[in-house]
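> Quick check, what structure comes out for this input:
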Amino acid sequence: MTAHRTIELIAPSGYPHDPEVLHRALHRLRAQGHRVQGEDAARRRYQRFAGTDGERAADLNRLADPSRDLPDVVLAVRGGYGAVRILHGLDYEGLQRRLAGQPIALVGHSDFTAVQMALLARAGVKTFGGPMLMSDFGADEVSEFTMHHFWSALTKPTMTVTGNTPQAQTVDVSGMLWGGNLAVLASLVGTPYMPPVQGGILFLEDVNEQPFRIERMIYQLHLAGILAQQQALVLGDFSGGKQYDYDNGYDLQAMIEQVRALVGIPVITGLQFGHIRNMLTLPVGADARLVANPHGFKLTVSGYPYLG
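Next comes the predicted model:
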């Protein structure tokens, strides 16, 4: 069992739609001995958002206040949509002064990718792609895999992820690990909130997107010149897309083969990250080495904030 931590909730996107799930998640965290702050953020509603743009930005900007003690973990309530609306309202200079190099973990995925990319691009703040309050801590049955890997990633200075999916390409590269939700990343192309990463290892995931939509967004990253600047592209989980008769055999695998032929960098598959029950926690902005061969892959990561 992990040590007792202070967990502060932020809600930069949508609001929780099921009060029972919210209650279950809060109860679980407190039953484990953690101190939970910011519960009001999880109870706000404004249209389809967890509060106004100003209220949601204030959740994050409070972290820049030097008069407040920093929590151990800053946990996104859920994804959905809305984070992009607050990016211009974040205090990047204040957040950089307060958070850079500190043992604090900002965690979430899906729409939270927008906040993660903006913090990396504008403040150099490293975060974690990982579980969220509602979908993971509030699940009917919490995934032991997800929770074990979450606390392990947050409390150790290095981490190693392995996958046994056979790889079509042999790879041994090093660079910054970054990425997240593909749709969100594609939407940030050409904005000040897209990190100008050179020589990175880019990981992507998405949910409820058809293979052709996934391909179209990857083409956007390719045509913008972003993929050519990376050492490798690592594909996580793309669950929820449906097959149609019109596709005539064009499926996720066909899409991956097309991308592999297109982008000019290694494409690795089988990363256990995305909108799935058993998910990894991945440091965004950390130093990584990726080794892959026909037997699988190994991703070793270091140089990120950890709680100890």
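> is it true that residue 186 touches residue 214?
No - using CB atoms under 8 Å as the test, residue 186 is too far from residue 214 to be in contact (9.9 Å). C-beta coordinates here come from the backbone N, C-alpha and C atoms, glycine included.
> Give me the more crowded residue out of these two.
Per other CB atoms under 10 Å, whichever of residue 186 and residue 214 has more neighbours is residue 214, with 23 against 20.
> Please name the residues that touch the more buried one.
For residue 214, the contacting residues are 182, 206, 238, 241, 252, 255, by CB atoms under 8 Å, 6 or more residues apart in numbering.
> quick one: the helices in the stretch 101-250 of the chain?
Taking DSSP state H, counting those that start in this stretch to define them, one finds helices in the stretch 101-250 of the chain at 113-123, 144-155, 182-188, 211-223.
> Run through the neighbouring helices and strands of the first one.
Translated: helix 113-123. Contacts defined by 3 or more CB pairs under 8 Å, 6 or more residues apart in numbering; DSSP states H and E place helix 113-123 against helix 92-99, strand 105-108, strand 127-129, strand 171-181, helix 182-188.
> Could you identify which of those is most buried?
Most buried of the helices and strands packed on helix 113-123, by mean neighbour count (mean count of other CB atoms under 10 Å): strand 127-129, with a mean of 28.
> on that earlier part again, want to throw the contacts of residue 214 into JSON lines with distance to residue 19 and pLDDT?
Shown next, in JSON lines, are the contacts of residue 214 (distance: CB to CB, whole Å; pLDDT from 0 to 100):
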{"residue": "182", "distance to residue 19": "31", "pLDDT": "98"}
{"residue": "206", "distance to residue 19": "28", "pLDDT": "98"}
{"residue": "238", "distance to residue 19": "31", "pLDDT": "96"}
{"residue": "241", "distance to residue 19": "30", "pLDDT": "86"}
{"residue": "252", "distance to residue 19": "36", "pLDDT": "94"}
{"residue": "255", "distance to residue 19": "39", "pLDDT": "96"}
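> measure residue 182 to residue 205 for me?
7 Å (CB to CB, to the nearest Å).
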